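Visitor: Kindly generate the corresponding structure for this input.
(chains A and B)
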Amino acid sequence: GAVVSQHPSWVICKSGTSVKIECRSLDFQATTMFWYRQFPKQSLMLMATSNEGSKATYEQGVEKDKFLINHASLTLSTLTVTSAHPEDSSFYICSARDLGSEQYFGPGTRLTVT
Amino acid sequence: AQSVSQHNHHVILSEAASLELGCNYSYGGTVNLFWYVQYPGQHLQLLLKYFSGDPLVKGIKGFEAEFIKSKFSFNLRKPSVQWSDTAEYFCAVNAGRDDKIIFGKGTRLHILP
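Guide: Reported below is the predicted structural model:
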């Protein structure tokens, strides 16, 4: 099946710094990628939809200036958490949609802001 | 707006018991429905999906789900659970032409050996 990778899998950063998370579709082209956030013992919350070559569409309540999304190619989308704060600590998961309707999920990135 | 409701937050069963996890969605039009599983320490995996056709969908690992349009439901079932089914289960919906998948809050399933 289709594989989606994320890098890094785990990152710790200091408050006020920025962190970039990469999401790659390894064996297929993804015109659309999605970024989710998952709090402990809670469900996935969709943050934004990322389309290759265009601006991301953010869900209501998600700060676009804080969570910068770039979908530079058909196999790579990045999420940058700018000026991170402890409340940004979470599990970030991306998914990629192939030419059909199925989405494939990455393994997630655990961000801890100290 | 689309929403997904999972009735059971935490379910504890003994091995060989039958399982049914409830899922209801709110959207009046055409929907695609999914069940995902997240094993401890692992990423989300697709269990099964319904796009169209036979409303009884069979997935991996002996799971099945039935789409009942009149009840806006897509309940997950398994006749005999195993200890290895311990995981978190998420129901999700994708409505019409919208690419977005909206997840329910999840059901944590714990199987006693």
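Visitor: OK, contacts around A:Leu79?
Guide: A:20-21, A:23, A:35, A:47, A:67-69, A:92, A:94 (C-beta atoms under 8 Å, 6 or more residues apart in numbering or on different chains). (C-beta placed from N, C-alpha, C; glycine too.)
Visitor: For beta bridges, what are the partners of it?
Guide: When bridges are called by DSSP bridges, A:Leu79 pairs up with A:Ile21, A:Ile69.
Visitor: you'd agree B:Met48 is in a helix?
Guide: Heads up, residue B:48 is Leu, not Met. No: B:Leu48: not assigned to a helix; according to DSSP: H, G, I helix; E, B strand; the rest coil it is strand.
Visitor: burial count for the nearest residue to it once chain neighbours are set aside?
Guide: Take B:Leu48 and drop its neighbours on the chain: the residue closest to it by C-beta to C-beta, 6 or more residues apart in numbering or on different chains is B:Gly59, 2.7 Å away. Other residues near B:Gly59 come to 18 when the count uses other C-beta atoms under 10 Å in any protein chain shown.
Visitor: do you know how far the most centrally placed residue in chain B is from B:Leu112?
Guide: The residue lying closest to the centre of chain B (C-alpha atoms, centre = their mean) is B:Trp35, at 3.5 Å. In this structure, B:Trp35 and B:Leu112 are 22 Å apart, going by C-beta to C-beta, to the nearest Å.
Visitor: OK, contacts around B:Val93?
Guide: B:Val93 touches B:2, B:4, B:25, B:27, B:31-34, B:74, B:101-102, counting by C-beta under 8 Å, 6+ apart.
Visitor: quick one: which of those residues is nearest to A:Thr31?
Guide: Within the contacts of B:Val93, proximity to A:Thr31 (C-beta to C-beta) peaks at B:Ile101, which comes in at 15.6 Å.
Visitor: is it true that the closest one touches A:Met45?
Guide: No: the pair B:Ile101 and A:Met45 fails to qualify as a contact (C-beta atoms under 8 Å) at a distance of 11.5 Å.
Visitor: the more surrounded of the two?
Guide: Higher neighbour count among B:Ile101 and A:Met45: B:Ile101, with 25 against 17, using other C-beta under 10 Å.
Visitor: which parts of chain A sit against chain B?
Guide: A:32, A:34, A:36, A:41-46, A:49, A:93, A:95, A:97, A:101-103, A:105-108 (C-beta under 8 Å from any C-beta of the partner chain).
Visitor: any low-confidence regions in chain A?
Guide: A:1, A:101 (pLDDT under 70).
Visitor: Tell me which residue lies nearest the centroid of it.
Guide: Closest-to-mean residue, chain A, C-alpha atoms, centre = their mean: A:Trp35 / 3.8 Å.
Visitor: Surely A:Gln6 touches A:Ser25?
Guide: No: counting by C-beta under 8 Å, A:Gln6 does not reach A:Ser25; the two are 10.9 Å apart.
Visitor: Cool, thanks, signing off.
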